[in-house]
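In: Structure for the following, please:
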Amino acid sequence: MDNKQLNFATAIIHKVLSRNPTTAIASVLAPHLTSEKVSGGHRGEIRRIEDKLDGRSLANMLITLRMESPPSSKRVSLNMFGWLVWAEGSWDENVFKECELAQLRSPRATISWLPETSYIVPISEKDGLPHASEGMRSLSDVQEAAQLLAGKDVPIQLLQSVLSKTKLKQAAVVNATPYDCYLEKV
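Out: Now for the predicted structure:
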């Protein structure tokens, strides 16, 4: 994610959270693949995102998604990182303050990996409409990294851990990166 995209994403998060600071929260997942333009590798990416959130007056806490053991062909971390984000100064009255994700800083259950055969890669042919190519076997590093946190298990675990211990009867979910449409199916 380049700086322009990150600025746009944090601006949207700020706009949504500042409208209802005591009843809104965001979960932001850290990129799995680090940009070549960022020094410091993965920690540099995390620091860059934290700085952008701080610059928008968005308070945050680091969260961890604990993944199940990956297939033997994958060399990936068992912990994926992200942030729980809220409007600065609103935490004491925020309805999500006591949720499982805030208290444990991780969903309680481990998250399953999406099988490679279920990967969805948005593609567009010349002069054609964008569509998904499902089950592609030869993916670029960027395409594969986009799939690592795909599937229904990630949004299910995040939503369950965020909505736990709240008295909300409804929730609105804004998906700023509808890459594979799994969140919309949950």
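
In: can you count the residues close to residue 85?
Out: Close neighbours of residue 85, defined as other CB atoms under 10 Å, add up to 24. Quick note: C-beta positions are derived from backbone N, CA and C, even for glycine.

In: can you pull the contacts of it?
Out: Taking CB atoms under 8 Å, 6 or more residues apart in numbering, we find residue 85 in contact with 13, 17, 25, 26, 27, 28, 53, 58, 59, 60.

In: quick one, strands of the chain?
Out: Along the chain, the stretches classed as strands by DSSP state E are 26-29, 58-66, 79-87, 120-123, 131-134.

In: on that earlier part again, for the contacts of residue 85, which PyMOL command selects only the ones that are buried?
Out: With 16 or more other CB atoms under 10 Å as the criterion, this PyMOL line picks the buried residues out of the contacts of residue 85:
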select buried, resi 13+17+25+26+27+28+53+58+59+60
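
In: hmm, back to that, which stretch among the strands of the chain comes nearest residue 155?
Out: strand 26-29 (9.4 Å; CB to CB).

In: What mean pLDDT does the closest one get?
Out: For strand 26-29, the mean pLDDT works out to 88.

In: Need the contact partners of that strand.
Out: So strand 26-29 is contacted by 9, 13, 16-17, 49, 53, 60, 63, 65, 80-86, 101, 149, 158, 162 (CB under 8 Å, 6+ apart).

In: okay if I get the contacts of residue 85 as JSON lines plus distance to residue 109?
Out: Formatted as JSON lines, these follow (distance: CB to CB, whole Å):
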{"residue": "13", "distance to residue 109": "26"}
{"residue": "17", "distance to residue 109": "26"}
{"residue": "25", "distance to residue 109": "20"}
{"residue": "26", "distance to residue 109": "21"}
{"residue": "27", "distance to residue 109": "16"}
{"residue": "28", "distance to residue 109": "20"}
{"residue": "53", "distance to residue 109": "26"}
{"residue": "58", "distance to residue 109": "27"}
{"residue": "59", "distance to residue 109": "26"}
{"residue": "60", "distance to residue 109": "23"}
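
In: Thanks a lot, catch you later.
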